[in-house]
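*Asks:* only geometry, no sequence info:
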């Protein structure tokens, strides 16, 4: 995500992750967030029963790198992405989708 | 990683992550591991000052999905991969490499 405001705001990032978990039908094991200090980036991961969502932010570049990794037929990574987009309000977004695992085609 | 033994062994996975962190020149913030129960998978993440390493295992399929996500000129994701491979002993490995971020080309 590019051109993103408030990437040094850990509480904001935490809320964004929680909302993404809630809206995508997955089960949170633990949410871990680390703030590198005032005005600096945040790194966080929501460990899920269905894998994880991670975020690393560079507020000085208004850039955030997110991974949404989900397994299980009931989980909906697109809903997680929609929720993160609604929360974080990027000016520009680049999304890449991959399938991985056993007996699944892999595409870029 | 395919054809991997001991993917239900949380202590083994934890050691593998710690070794990968130690050998790749990065700084561990926190290592989180969750074991889904005897004979079942493990999900874990090493939160780094330089981003993260994650693992999700499916022992019943002898399959593990790992991400090695590192920023910073001093970090060496290849060394993390080498360490994980040495620890986890996959029969087969499929690696995909991506660059991401600001002012970097993205390749599949």
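*Replies:* Received the coordinates, thanks. Keep in mind that this is a model prediction, so the values were computed, not measured.
*Asks:* for chain A, what are the low-confidence residue spans?
*Replies:* Along chain A, segments meeting pLDDT under 70 span A:103-108.
*Asks:* 50 - rerun?
*Replies:* A:105-108 (pLDDT under 50).
*Asks:* just the helices in it please.
*Replies:* A:10-23, A:77-88 (DSSP state H).
*Asks:* just give me the neighbour total for the residue lying closest to residue A:12 once chain neighbours are set aside.
*Replies:* Excluding the flanking residues, the one nearest residue A:12 by Cβ to Cβ, 6 or more residues apart in numbering or on different chains is residue A:6, at 4.9 Å. Heads up, the C-betas are built off the backbone N, CA and C, glycines and all. Per other Cβ atoms under 10 Å in any protein chain shown, the neighbour tally for residue A:6 reads 17.
*Asks:* can you check residue A:7 too?
*Replies:* Count around residue A:7 with other Cβ under 10 Å applied: 24.
*Asks:* distance of it from residue A:60?
*Replies:* 9 Å (Cβ to Cβ, to the nearest Å).
*Asks:* wait, residue A:92 sits on residue A:1?
*Replies:* Yes. In this structure residue A:92 lies within contact range of residue A:1 using Cβ atoms under 8 Å: 7.5 Å.
*Asks:* looking at those two, which has the bigger crowd around it?
*Replies:* residue A:1 (21 against 10).
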